[in-house]
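Undergrad: Return atomic coordinates for the entry below.
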Amino acid sequence: MMQAQTQIQRNTITLKGSAQIVSEFFQYAVNNILYQRGVYPPESFETKKQYGLALWLTTENALSKYLNTVLAQMKVWLEQGVLRQMVLVITEADTKEVLERWTFDIETNKAVLAGGPLPDKPEKEITSEIQAIMRQITASVTFLPLLESRCTIDILVYTNPMDSVPEEWEDSDPRNIANAEIVSLRGFNTKVHGIKTMVAYKQTDEVL
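TA: Purely as a prediction, here's the structure:
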């Protein structure tokens, strides 16, 4: 009886629990995009097993601090149900031209926000869905153009209207790519937060 009770609790997804799952996913997704796309040197990453896969996390202090600050605030907004979209922008360092936009759309279960019953979903199912996205990120090098120049990154965050925003956050233009190629990737759903993923990238000038 006790074992069955524990299993039920594990499958029940709370708002805070879902926010933790999603923010952890963002941490690994962003790190692995930066590694796979060669934005930072491979020696500045270390492997860590997560979701049953060997994934990459940065060991570069400045980048790690930046990502941790952004993700901590995003987790708060996930718990509040106000986070709508996160965009990782990869920019050519010298020309400031946007080369790639990795977009993660977030939809929050309004019934849960309103205090309704908590949904159930096995952790194994959520992990399997996240695995599929991570594998697609790894495979993205097969269709995305090679990033041959030095690049920088920015993270853009879109929320529902709020009374106040932390001082360290500033307004930004959307950093869109004109005539971009767009590839939709897999998503995942905790039943509290649903995530849809896509990448837009600048077309090469080569003619086949």
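Undergrad: Which of the helices or strands spans Leu156?
TA: Element membership for Leu156 (DSSP states H and E) is strand 151-159.
Undergrad: And that strand, what does it pack against?
TA: helix 61-80, strand 83-92 (3 or more Cβ pairs under 8 Å, 6 or more residues apart in numbering; DSSP states H and E). For the C-beta atoms, the positions are set from N, CA and C on the backbone; glycine is no exception.
Undergrad: For the last one, buried residues please.
TA: For strand 83-92, burial by neighbour count (16 or more other Cβ atoms under 10 Å) applies to 83, 86-92.
Undergrad: Quickly run through the sheet partners of it, with directions.
TA: Taking DSSP bridges as the criterion, strand 83-92 sits next to strand 98-108 (antiparallel), strand 151-159 (antiparallel) in its sheet.
Undergrad: Strands of the chain, start to end?
TA: 45-50, 53-58, 83-92, 98-108, 151-159, 181-184, 188-189, 193-201 (DSSP state E).
Undergrad: ok, and what's touching stretch 29-48?
TA: Here stretch 29-48 makes contact (Cβ atoms under 8 Å, 6 or more residues apart in numbering) with 54-60, 63, 67, 88, 90, 100, 102, 104, 133-134, 137-138, 140-141, 144, 147, 151, 153, 155, 197.
Undergrad: Buried members of these into PyMOL, please.
TA: Selection of buried members from those for PyMOL, criterion 16+ other Cβ under 10 Å:
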select buried, resi 55+56+57+58+63+67+88+90+100+102+104+133+134+137+138+140+144+147+151+153+155+197
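Undergrad: didn't Met19 look like it was pressed against Gln73?
TA: Quick fix: residue 19 reads Ala, not Met. No. Look at Ala19 against Gln73 with Cβ atoms under 8 Å: they stay out of range, at 11.7 Å.
Undergrad: Just the pLDDT at the residue lying closest to Thr138 once chain neighbours are set aside, thanks.
TA: Excluding its sequence neighbours, the residue lying closest to Thr138 (Cβ to Cβ, 6 or more residues apart in numbering) is Gln36, at 5.9 Å. On pLDDT, Gln36 comes in at 95.
Undergrad: Tell me how many other residues crowd Gln36.
TA: Gln36: 16 surrounding residues under other Cβ atoms under 10 Å.
Undergrad: What of Arg175?
TA: For Arg175, using other Cβ under 10 Å, the count is 14.
Undergrad: and the residue nearest the centre of the chain, what pLDDT?
TA: By Cα atoms, centre = their mean, the chain has its centre lying nearest to Phe26, at 3.3 Å. Confidence at Phe26, expressed as pLDDT, is 97.
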